[in-house]
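# quick one: sequence and predicted model below, then my questions.
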Amino acid sequence: MSGQPLAGLRVVEFASFVAGPSAGMTLAQLGAQVIRVDPLGGGPDYHRWPVAARNGESLYWNSLNRGKRSVAVDVRSERGRELVLALATAPGADAGIVVDNAVGRPWFSYEALAARRADVIKVHIGGQAGGGPAVDYTVNTEVGVTDLTGPADTRTPVNHVLPAWDLIAGMTATTALLSALHRRERTGAGAHLQIALADVALAGVANLGWLSEVRERGDRARHGNYMYGSFGADFVTADDGRVMVVALTPRQWDALCTATGTAKVIASLEQTLGVDFADEAHRYIHRETIAAVMRPWFAGLPLDAVGTALTDAGVLWSRYRQMSDVVADFEAGAGSQVLTELDQAGIGPVISAHSPIREDGEYGPVRPAAALGADTEQVFAEVLGLGDSELGELRATGVFGTAG
């Protein structure tokens, strides 16, 4: 048995898009046997972009399903549904665990599962708590994040490209699942856990204090690339490079003043304004004045020289880059060790990633995604004990699809 922390755990994932599959991938990276269930021909995310330029295969699907086993079943048939229910509720202390985001699938409800196995753990990820649909783009607009994002000289809402709430919902699902498993090991109780994407987003902005702030102060003005509540700003260098500089702590602030040679001017500015820039609130309030003082230093040096000076002084900073720069670093062997090359069946070489969780300083293994349905017969033979004749019948009647 593998030495990974979740080795031996079996999870059935019946989900699509980001939140559910990312939860399953995280569990698989920690050693769990995650069995992804798809309808014949694949779910609604099977061909989702981004796709490989060479053959149109979904990079998205193959990336979020790495390390899982894949079964494809005709879930429109009574026999197919029976098999999926049996798979999800199979006996064993490390089984009877389900992650799904299905809508309109009453045959796979918690009640249907619990009727077969009373201690089943089901984590359901939905859009709205009331059952309505939602995705990251619609949730972001609802909670007001798009009103804060974008240039300071316009109030046109700007959508955020990163599906942050989906990813956070996936992590929330893994936390919920492992918590319920811990309780089941102590008490024998199952669990019906429900996570709404809209709730994840609302909880997130509330827990950051943003909603309370609005109640007391009104809607926050846009800040463009300035950081809110402290000093953080972007600067352009002599060769049109661009850097983001952040000073959260007094030490970081002192380092920035030292690196830019503006300490004396900043001290005079403090005296004139009657403020103390050791206080991040004061740095925030006077951010534009501070940036104007420092901007000539950045504009007078090329990016490499700016970077060296900032790093040597201990400034918290980073370059503005494109993803192609990240890829170039990876191909040159200069990128983060969390990234790795992987030969993905059906696509070829792709850039993959280890789990960001390191144990004793080491990243865990990384495995490719299985082809759609590649493990169908083996999984049902292992878990449910189906023999060759029954597997052949299921194949012949179209309940099982062919791999790939």
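Thanks, I have the structure now. Numbers count the residues shown, from 1 in each chain.
# now do the same for the closest residue in space to Ala86 that isn't next to it in sequence: its pLDDT.
The shortest distance from Ala86 to any residue other than its chain neighbours is 5.6 Å, reached at Leu384 (C-beta to C-beta, 6 or more residues apart in numbering). (Each C-beta comes from the backbone N, C-alpha and C, glycine too.) With respect to pLDDT, Leu384 scores 97.
# in the stretch 101-250 of the chain, what spans have low per-residue confidence?
Judged against pLDDT under 70, the stretch 101-250 of the chain has no low-scoring part.
# thinking again about what came up before, so how far is Val51 from the residue nearest to Ala86?
Separation of Leu384 from Val51 (C-beta to C-beta, to the nearest Å): 34 Å.
# ok, those two, which is more surrounded?
Legend: neighbour count by other C-beta atoms under 10 Å for Leu384 and Val51, higher for Val51 (16 against 12).
# distance of that one relative to Ala328?
Distance from Val51 to Ala328, by C-beta to C-beta: 22 Å.
# three-state assignment of the residue lying closest to Phe277 once chain neighbours are set aside?
In space, and not counting its chain neighbours, Phe277 is closest to Arg283: 5.1 Å by C-beta to C-beta, 6+ apart. Put simply, Arg283 is helix when judged by DSSP: H, G, I helix; E, B strand; the rest coil.
# from the contact counts, what lies against the host helix or strand of Thr289?
Using DSSP states H and E, Thr289 maps to helix 287-299. Judged by 3 or more C-beta pairs under 8 Å, 6 or more residues apart in numbering; DSSP states H and E, the packing partners of helix 287-299 are strand 231-236, helix 250-260, helix 263-273.
# quick check: what element follows the first one along the chain?
When you say that, I think you mean strand 231-236. For strand 231-236, the following helix or strand on the C-terminal side (DSSP H and E) is strand 242-247.
# just send the helices and strands packed on helix 287-299 back as a markdown table, with mean neighbour count and distance to Tyr60 too.
Formatted as a markdown table, the helices and strands packed on helix 287-299 follow (neighbours: other C-beta atoms under 10 Å; distance: least, C-beta to C-beta, whole Å):
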| stretch | mean neighbour count | distance to Tyr60 |
| --- | --- | --- |
| strand 231-236 | 20 | 30 |
| helix 250-260 | 20 | 37 |
| helix 263-273 | 13 | 47 |
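# Pro349 is nearest to which of these?
Across the helices and strands packed on helix 287-299, Pro349 has its closest neighbour in strand 231-236 (34.5 Å, C-beta to C-beta).
# show me how far the helix ranked longest in the chain is from its chain's centre.
Identified as the longest helix of the chain according to DSSP state H is helix 164-187. Computed by C-alpha atoms, centre = their mean, to the nearest Å, the chain-centroid distance of helix 164-187 equals 15 Å.
# which secondary structure elements does the helix or strand following it contact?
Of the helices and strands lying after helix 164-187 in sequence (DSSP H and E), the nearest is strand 191-196. Counting contacts by 3+ C-beta pairs under 8 Å, 6+ apart, strand 191-196 is packed against strand 121-126, helix 164-187.
# format those as JSON lines; extra columns: distance to Val245 and mean neighbour count.
Formatted as JSON lines, these follow (distance: least, C-beta to C-beta, whole Å; neighbours: other C-beta atoms under 10 Å):
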{"stretch": "strand 121-126", "distance to Val245": "38", "mean neighbour count": "26"}
{"stretch": "helix 164-187", "distance to Val245": "23", "mean neighbour count": "18"}
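# this completes my enquiry, with thanks.
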